[in-house]
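[1] here is my input, please return the structure:
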Amino acid sequence: MALKKILIIPMILLVSIRLYSKPLAGVALIESQGLRSRAIADIAEKHLLSILNRTKIFSTVNRGIIKRELTKFQCTSESCILNFAKEAGISLIITGEVRDRANHLIMDLRAFATGIPHQGKLIARRKTKIELKYRLTSREFSLLAEEQSGKFIALVLKKFKTPVKIINGEVRYTPAISGEYKVYAQNGDKIKNAGVVRIDNNKLQNPLPKGKQDLILLSHIEESKKITAYYTEEKKRIVFHKPDLSHTFSFVLFTAPASMTMPLASPILGYFPKNDWSGLGLWTVNASPWLYVQARGFLERPSKLRSRKENISRDDIAMNHFAWFMFLTGGSSLFVDAFAGDYLNRASYFKQKYELMGNPMTAAWLSLISNGGGHFYRGNRFWGYLYFHLNNSLLYLTLRSNAQPKKYDRMNDKYISEKRDNRMFKIWGSALILSKTIEIAHAIMAEDRIDCGEELRESFSFSPLITPDERGQLLYGLSFVYRY
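    Model prediction:
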């Protein structure tokens, strides 16, 4: 008990000088191993406290005081830190660790909330793996730490609820609140739903339901969204130039050369030198069938078939027209994918500011003249390849139904034209227009993939297991993995 009293004296002094009852928040020790992880942990602690202050939802405790007291009495376990927070009247306490794994960092942040309604529960946890692909400067480490801290505080605000007491028909909260809120009756550490009340500018507008009503719980979801939006826009400002039509015009001029050289430029100049093996594998699997159609469309073109006096089918005509599309503009989407991924990845680490990336007008142009181009430009390969295959297929079917096949009449030494399939042309053409409209709108509204780090979520997975035992005999079974 004496230890607790020693620990909380500085906290009591801080709580006593608060002007009104904002919840108290603090950042406890973020553990680390090694010089690099310690430096990042220190930076993260500063950013976490700074962001908490900027929300104006909390009164914050000087992190030096918390760190000094916890270190002095070797209070480093989560249970000890949580008891410390409860005794000191801290409503939100943040702790965690940064682990250095040579080629990547694991940043694990956790937030506990004391008092009503959370009662010491873990309300938020964010575990992120940050690959160390590049040599980072102190500025870049600081920006990455701030980005991760901002995302974590946004998550905390989604979960945290502030209890505000009702006194003499009004609530005391700054800024003043208005709206409809649930009322809770408090009985010790427990609360019970007691109805709904309308509040306008901190004053109750309708009588309270009968019984003992003490407080309302304020959520901070809007503040969470604002923090998320702020860091999204701030990162765009740092790594991208302001979107300009002249940047899009550069892509317009480069469309044809990019599309023409795609079969060689994408693997040789794009994926391979950047060690993008997953991108190269996806390109090989997904581009091959359409490159085959393009090659066949040129090699077995209608003019060549005519010179050999062979029948010209709908597919022969459609493949030839599709080959010209892929050659002139359609291949540009896969050219963009070969380079955009690396550019966006470097931007995610704040390594460089790019003039031609992050432009919605460019994304719209690439989606218009090629299939999936706008999404590859945004760094989203799933949607890029989905639209690439879908709209290539719809375009081919549209061209095929519009083609006018010709049969060679050997008796009269001439070609006889057959009818176009106008009904199917209208169906496939309408589907293509609809799909392209959706693709372009989707590309304009999509976000660029410039988030750094992979969030490691709790998950369960099953997989077949084949392994030898100590005698060398194979064992067959099912593997169950819990990732946390």
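[2] what ranges do the helices span in the stretch 301-450 of the chain?
    In the stretch 301-450 of the chain, the segments counted as helices under DSSP state H, counting those that start in this stretch are 302-307, 314-325, 332-348, 360-369, 373-378, 381-402, 422-445.
[3] and among those, the most buried is which?
    helix 373-378 (a mean of 31; mean count of other CB atoms under 10 Å). Where you see a C-beta, it was placed from the backbone N, CA and C, and this is true even at glycine.
[4] show me what it packs onto, helices and strands only.
    Applying 3 or more CB pairs under 8 Å, 6 or more residues apart in numbering; DSSP states H and E, we find helix 373-378 packed against helix 332-348, helix 360-369, helix 381-402, helix 422-445.
[5] in JSON lines: the ones you listed, plus distance to Arg101.
    As requested, the helices and strands packed on helix 373-378 are exported to JSON lines (distance: least, CB to CB, whole Å):
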{"stretch": "helix 332-348", "distance to Arg101": "19"}
{"stretch": "helix 360-369", "distance to Arg101": "35"}
{"stretch": "helix 381-402", "distance to Arg101": "26"}
{"stretch": "helix 422-445", "distance to Arg101": "36"}
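[6] Lys127 is nearest to which of these?
    Closest to Lys127 of the helices and strands packed on helix 373-378 is helix 332-348 (CB to CB; 18.0 Å).
[7] returning to that earlier point: out of the helices of the stretch 301-450 of the chain, which gets nearest to Ile268?
    Closest of those to Ile268 is helix 332-348, at 9.3 Å (criterion: CB to CB).
[8] the closest one to helix 360-369, inter-axis angle?
    160 degrees (axes from the mean of the first three to the mean of the last three CA atoms, to 10 degrees).
[9] nearest to Ala229, of the helices and strands packed on helix 373-378?
    Smallest distance to Ala229 across these (CB to CB): 14.4 Å, for helix 422-445.
[10] closest one to Trp283 among the helices and strands packed on helix 373-378?
    helix 332-348 (6.2 Å).
[11] output the closest one as PDB, restricted to C-alpha atoms.
    Taking C-alpha atoms only, helix 332-348 is exported to PDB below (Å, rounded to 0.1, in the frame of the first residue of the first chain):
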ATOM      1  CA  SER A 332      -0.400   0.200 -70.700                       C
ATOM      2  CA  SER A 333      -2.200  -1.100 -67.600                       C
ATOM      3  CA  LEU A 334       0.400  -3.800 -67.000                       C
ATOM      4  CA  PHE A 335       3.200  -1.500 -67.800                       C
ATOM      5  CA  VAL A 336       1.900   0.800 -65.000                       C
ATOM      6  CA  ASP A 337       1.700  -2.100 -62.600                       C
ATOM      7  CA  ALA A 338       5.400  -3.000 -63.200                       C
ATOM      8  CA  PHE A 339       6.500   0.400 -61.900                       C
ATOM      9  CA  ALA A 340       3.700   1.900 -59.700                       C
ATOM     10  CA  GLY A 341       4.000  -0.700 -57.000                       C
ATOM     11  CA  ASP A 342       7.600   0.200 -56.300                       C
ATOM     12  CA  TYR A 343       6.900   3.900 -56.400                       C
ATOM     13  CA  LEU A 344       4.000   3.700 -54.000                       C
ATOM     14  CA  ASN A 345       6.000   1.400 -51.700                       C
ATOM     15  CA  ARG A 346       8.800   3.900 -51.500                       C
ATOM     16  CA  ALA A 347       6.300   6.600 -50.900                       C
ATOM     17  CA  SER A 348       4.800   4.600 -48.000                       C
END
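[12] and the angle for that helix with helix 381-402?
    170 degrees.
[13] about what we covered before: export the helices of the stretch 301-450 of the chain to a markdown table and tack on mean pLDDT?
    Compiled in a markdown table, these are given as follows (pLDDT from 0 to 100):
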| stretch | mean pLDDT |
| --- | --- |
| helix 302-307 | 87 |
| helix 314-325 | 94 |
| helix 332-348 | 94 |
| helix 360-369 | 96 |
| helix 373-378 | 96 |
| helix 381-402 | 96 |
| helix 422-445 | 96 |
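[14] which of those sits closest to Phe254?
    Nearest to Phe254, of the helices of the stretch 301-450 of the chain and by CB to CB, is helix 332-348 at 8.1 Å.
[15] ok now the closest one, how far from the chain's centre?
    Counting by CA atoms, centre = their mean, to the nearest Å, helix 332-348 is centred 17 Å from the centre of its parent chain.
[16] and if you look at stretch 283-295?
    30 Å.
[17] with stretch 297-308 instead?
    Centre-to-centre, stretch 297-308 and its host chain are 48 Å apart (CA atoms, centre = their mean).
[18] span of that stretch from start to end?
    16 Å (CA to CA, to the nearest Å).
[19] right, and the helices of the stretch 301-450 of the chain - which one's nearest Ser250?
    helix 360-369 (8.6 Å).
[20] how close does Ser332 sit to Leu356?
    To Leu356, Ser332 is 14 Å away according to CB to CB, to the nearest Å.
[21] I misspoke; the intended subject was Ala287.
    In terms of CB to CB, Ala287 sits 23 Å off from Leu356.
[22] more crowded one of these two?
    Shown here are Ala287 and Leu356; by other CB atoms under 10 Å, Ala287 has more neighbours (22 against 18).
[23] in the stretch 1-150 of the chain, which spans are helices?
    According to DSSP H, counting those that start in this stretch, the helices that the stretch 1-150 of the chain contains are 2-16, 35-55, 63-72, 78-88, 138-159.
[24] dump those helices into a markdown table; add mean pLDDT, distance to Asn380 and mean neighbour count as well.
    Shown next, in a markdown table, are the helices of the stretch 1-150 of the chain (pLDDT from 0 to 100; distance: least, CB to CB, whole Å; neighbours: other CB atoms under 10 Å):
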| stretch | mean pLDDT | distance to Asn380 | mean neighbour count |
| --- | --- | --- | --- |
| helix 2-16 | 44 | 47 | 14 |
| helix 35-55 | 91 | 28 | 19 |
| helix 63-72 | 82 | 38 | 16 |
| helix 78-88 | 87 | 37 | 19 |
| helix 138-159 | 94 | 19 | 21 |
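[25] for Asp276, find the nearest of those helices.
    Closest among the helices of the stretch 1-150 of the chain, using CB to CB: helix 138-159, at 21.4 Å.
[26] ok, and what's touching the closest one?
    39-40, 43-44, 47-48, 51-52, 55, 57, 92, 94, 107, 109, 111, 113, 123-124, 126, 128, 130, 136, 220-221, 223-225, 227-228, 230-231, 235, 238, 349-351, 451-453 (CB atoms under 8 Å, 6 or more residues apart in numbering).
[27] same thing with stretch 111-124?
    78, 81-82, 85-86, 90-95, 109-110, 125, 152, 155-156, 158-161, 163, 184, 186, 189, 191, 215, 217.
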